[in-house]
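[1] here is my input; please provide its structure:
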Amino acid sequence: MLRSSAVPLAVLVIAGPLVLGAGFAVWASRGRRHLGTATERATFETLHHASQAAPLLRAGLTADSARRSARHLRALLGVPALALCRSDGEVLAWEGPTTGGDHGHAAAVRAGSERTSRPGRVTVLGPDQVECGVSECPLQHAVVVPLVVSDRVEGVFAVFAPQASTGLVRAAGEVGRWISTQLELAELDRSRAALADAEVRALRAQISPHFIYNSLTAIASFVRTDPERARELIVEFAEFTRYSFRRHGSFTSLAEELRCVDRYLLLERARFGDRLSVSLRIAPEVLPVVVPFLCLQPLVENAVRHGLERSPGPGHLVITAEDKGTEAWICVEDDGVGMEPAALAAVLAGGPPATRPGSAGAELSAGPSGGEPPVRGGGSGAGIGLRNVDERLRQVYGDVYGIVVETAPGAGTKVRVRIPKFHPSANDPH
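    Numbers count the residues shown, from 1 in each chain. Got it, this is the predicted structure:
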């Protein structure tokens, strides 16, 4: 009985690995099919290398971006070697199979770059122009493609191969045009950054002489009656101007922005006295959130100058910052004169305010008392302040993050802003 029962046991022990092996074979076969056909795999490889090279080229044509993207471009075309150069033929990066440098092929690139001085012209170099003096060198032909940015040749893309087939020439031309597109986008990014910097400078310039004059006048009024208060106001005024005119960084923390607002309001309260009251409700969780530089102070200044300052009685300003999961919600609300919604829409659009004479919106378009000239499309300081903040928020975070304004004549104004807590466009404020 014992001997006969051992046979099935042995069979089971042997059959177990066979079953597992068969299962693994089926899984492996399915895994290979899951990778797709040869065409699908080739498409994936092409898109993969393009996606790896694109962000590098978006930094512009530099030695570092050329060096790091060259291997992806070589794999994209499947060629023995290639080079990325400046328009004058200076080689920024060489990617090839040789271990001893470019074997002198840089001279061929320089010669080819002289022939590609016109945008759109692709040059094919033969063995007599590519010959490097190294025996059995496989690089006998080169296709030189100009890299064009804004109708000017920014650089040269050179591909080396044993033969310059029609397919290779066409492929090199298409890749060269794709590289040019990435460089165009890099220039666009630089232009957007320059525009953002110009908009910040415009906001700095919008710290009007009207405010500076009133602040200094308020400080002077305390020199004899309350010298200690005057000294404190001078320090706060100096800190406010230092922050507002700083030259580093397009972003800051919400905590720093609120300090700037606090200093601004301290100076305004010295002038308004009991006419201006301020309430702040700030969630501690949102204080480290990175925000665009000078995105909050212009909203507060707009509330004071164009809402409360024109109100005959006392005014109340409320500033809140709430933690809303992945976002920080900021609100600046005043109970001042308000304005016509149509005038507000025109101001944010950059056009002349469409209001009837005598309305709050008409006063907004005329500029503050003291004859301050209109700015951009008939708008005043409030126009450029609100519009500037709105445009910068949309530029950084997308159109869904523009400012939202609720207002009506005699009903005050509420401005709401949403800031994502984490966003790739927001740099470290420090």
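[2] residue contacts, the closest residue to D189 other than its chain neighbours?
    Once flanking residues are discounted, D189 sits nearest to R58: 6.6 Å by C-beta to C-beta, 6 or more residues apart in numbering. Where you see a C-beta, it was placed from the backbone N, CA and C, and this is true even at glycine. Under the criterion of C-beta atoms under 8 Å, 6 or more residues apart in numbering, the neighbours of R58 are Q182, L185, A186, D189.
[3] assign the first one to helix, strand or coil.
    Secondary structure state of Q182, per DSSP: H, G, I helix; E, B strand; the rest coil, is helix.
[4] wait, it touches L57, no?
    Yes. Counting by C-beta atoms under 8 Å, L57 is a contact partner of Q182 at 3.7 Å.
[5] least confident secondary structure element in the protein?
    helix 360-366 (a mean of 33; mean pLDDT, DSSP states H and E).
[6] any idea which helix or strand comes after it?
    helix 381-397 (DSSP states H and E).
[7] what is that next one packed up against?
    Under the contact definition 3 or more C-beta pairs under 8 Å, 6 or more residues apart in numbering; DSSP states H and E, helix 381-397 sits against helix 166-205, strand 290-292, helix 297-303, helix 341-349, helix 360-366, strand 413-420.
[8] among these, which is nearest P312?
    The closest of these to P312 is helix 360-366. By C-beta to C-beta, the value is 13.2 Å.
[9] could you find the closest non-adjacent residue to R418?
    E327 (5.1 Å).
[10] how far away is the residue nearest to D189 from L92?
    To L92, R58 is 16 Å away according to C-beta to C-beta, to the nearest Å.
[11] check C137 too.
    C137 is 22 Å from L92, by C-beta to C-beta.
[12] what's the span of stretch 297-313, first residue to last?
    Chord length of stretch 297-313, first to last residue, is 23 Å (C-alpha to C-alpha, to the nearest Å).
[13] try stretch 287-300
    By C-alpha to C-alpha, one end of stretch 287-300 lies 17 Å from the other end.
[14] which parts of the chain are strands?
    Listed in chain order, the strands of the chain (DSSP state E) span 81-86, 91-95, 123-125, 141-149, 152-161, 251-253, 276-282, 290-292, 315-324, 327-334, 404-407, 413-420.
[15] flag the shaky bits of the protein, pLDDT-wise.
    Applying pLDDT under 70 to the chain flags residues 1-35, 97-120, 133-135, 191-210, 245-249, 350-384, 425-430.
[16] list the contacts for the closest residue to L233 other than its chain neighbours?
    Spatially, and ignoring its direct neighbours in sequence, L233 is nearest to I219 (4.6 Å; C-beta to C-beta, 6+ apart). By C-beta under 8 Å, 6+ apart, I219 lies in contact with A230, L233, I234, F237, A270.
[17] tell me the one of those nearest W178?
    Of the contacts of I219, the one sitting nearest to W178 (C-beta to C-beta) turns out to be F237, at 53.5 Å.
[18] E256 versus the closest one, what's the distance?
    Relative to E256, and taking C-beta to C-beta, F237 is found at 17 Å.
[19] and what of G412?
    27 Å.
[20] who has more neighbours out of these two?
    Using other C-beta atoms under 10 Å as the criterion, G412 and E256 rank with G412 on top: 23 against 20.
[21] these two touch, right, the more buried one and V332?
    No. Using C-beta under 8 Å as the test, G412 is too far from V332 to be in contact (10.9 Å).
[22] figure out which of the strands of the chain is closest to D262.
    strand 276-282 (8.1 Å).
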